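>>> Give the three-dimensional model of this entry:
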Amino acid sequence: MINSIRNTVLAVANKQNFGYITPADFNLYAKQAQLDIFENYFYRYNEWITKRNGRISGSGYADIVKNLEEAIDIFSVEDSLYKIGNNIYAMPNYDNNDNSYYLLNKVLVYKNVLTEGTTDGFDAGNNIIKDSTKNFTTLGVAVGDYVAVEVDDTIKFLNVLQVVSATELRVGITSLTATGNAYSVYKSTSVQKEAERVSHSKITMLNSSNLTSPKLNTPAFTQSELTISLFPKTIDAVGQVRSQYIRKPKDPKWTYTTLVNGEPVFDQGASDYQDFELPGSDEPSIVAKILQYAGVSIREKDIYQSALQDEMKEKQKQG
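Numbering: from 1, shown residues only. Got it, this is the predicted structure:
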């Protein structure tokens, strides 16, 4: 889609001799355009939820709420949160390596932890949980159960492939190359409870009484910029807390190889190539947004106003 969009943008920009948009500039405009449209999904979603509640939205193919949910769900991620302290877990943006986290949707807590500990050995295959202090057979660990293990400051959530012995479990991972990995084991039938987000002032009030304090059946959490705190405080095991969140779309990048007659040649096979992640139905909106940024950059009022009009027409179609 990105090559089609670039060709359209260049065609419109060059039609009136408004100037050439370099690949570097195009990629900058494309990144911002995609992010603008992505963030607008949530405002449109709120508007259409209000319309549906007011019984003025359609159904079937005209169900805009459903269409927006499908568009947003493309960016849904479910992953275990990294434990960094007693009942404190890291937010998805804790290390901020890729800045992909956008919105925390729900926090899920495993109610029952079968056992937990720290590995004290590994094997040549690098996929064995070894703990000489445990008897996994007596504890009831079986094939298909889950093991959450800390590896290189991340949580790997894995299936038990084989109970090798009373002290060894084979799991689906090939990076257990040292001892001292914290782990927890959960039954395949373990129940997940959704934690309620509460304010810092409210959690103090809730914890002041045994009747209102959060329980494993009704967990709660408070959120800070980089961490969340789970309640009750017994929620403290590796992998016990999982999140479902919305990530940002990856930055689009139009890549090219050599120049032919002064023009770069599109190269989809480049290692850093990245297409737009938005649905194809958003292509007209992306083109209009990029032209707006290009018009501002080259100080051409006509191209900016033309792109703005195109965007308004597209918004009217979308409701």
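>>> C-alpha from now on. contacts and neighbour counts both.
Will do.
>>> chain center to the longest helix anywhere in the chain, what's the gap?
Assignment by DSSP state H gives helix 23-53 as the longest helix of the chain. From the chain centre to the centre of helix 23-53 is a distance of 16 Å (C-alpha atoms, centre = their mean, to the nearest Å).
>>> Also stretch 266-274?
In this view, stretch 266-274 has its centroid 23 Å away from the chain centroid, taken as C-alpha atoms, centre = their mean.
>>> Going by neighbour count, list what's buried in that stretch.
Neighbour counts over stretch 266-274 (16 or more other C-alpha atoms under 10 Å) mark Phe266, Gln268, Tyr273, Gln274 as buried.
>>> mind putting the residues you listed in JSON lines, pLDDT, distance to Val198 and secondary structure included?
Below are those laid out as JSON lines (pLDDT from 0 to 100; distance: C-alpha to C-alpha, whole Å; DSSP: H, G, I helix; E, B strand; the rest coil):
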{"residue": "Phe266", "pLDDT": "92", "distance to Val198": "50", "secondary structure": "strand"}
{"residue": "Gln268", "pLDDT": "92", "distance to Val198": "46", "secondary structure": "coil"}
{"residue": "Tyr273", "pLDDT": "96", "distance to Val198": "41", "secondary structure": "coil"}
{"residue": "Gln274", "pLDDT": "95", "distance to Val198": "38", "secondary structure": "strand"}
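>>> For these, name the two members farthest from one another.
Pairwise distances among these were taken by C-alpha to C-alpha; the largest, 12.0 Å, belongs to Phe266 and Gln274.
>>> Which residues are in contact with each of these two?
Both Phe266 and Gln274 are contacted by Trp254, under the criterion C-alpha atoms under 8 Å, 6 or more residues apart in numbering.
>>> now for the longest helix of the chain, which elements pack on it?
Applying 3 or more C-alpha pairs under 8 Å, 6 or more residues apart in numbering; DSSP states H and E, we find helix 23-53 packed against helix 64-73, helix 283-297.
>>> Show me the contact partners of the first one.
By C-alpha under 8 Å, 6+ apart, the surrounding residues in contact with helix 64-73 are Tyr41, Arg44, Tyr45, Trp48, Ile49, Ser57, Gly58, Ile246, Leu278, Pro279.
>>> since we're on the closest residue in space to the fifth one that isn't next to it in sequence, how many residues are nearby?
With sequence-adjacent residues excluded and distances taken as C-alpha to C-alpha, 6 or more residues apart in numbering, Ile49 is closest to Val65, at 6.6 Å. Counted by other C-alpha atoms under 10 Å, the residues lying close to Val65 total 21.
>>> Give me the pLDDT value at Val65.
The model reports Val65 with a pLDDT of 87.
>>> For the stretch 51-200 of the chain, which residues score under the pLDDT cut-off?
95-99 (pLDDT under 70).
>>> Quick check: bridge partners of the residue nearest the centre of the chain?
Taking C-alpha atoms, centre = their mean, the centroid of the chain lies closest to Arg247, which sits 3.3 Å from it. Beta-bridge pairing for Arg247 (DSSP bridges): Tyr101.
>>> for it, what are its contacts?
By C-alpha under 8 Å, 6+ apart, Arg247 lies in contact with Phe75, Ser76, Val77, Ser100, Tyr101, Tyr102, Leu103.
>>> again with Lys187
Shown in contact with Lys187 (C-alpha under 8 Å, 6+ apart): Val113, Leu114, Val141, Ala142, Gly144, Asp145, Tyr146.
>>> Done for today, thanks.
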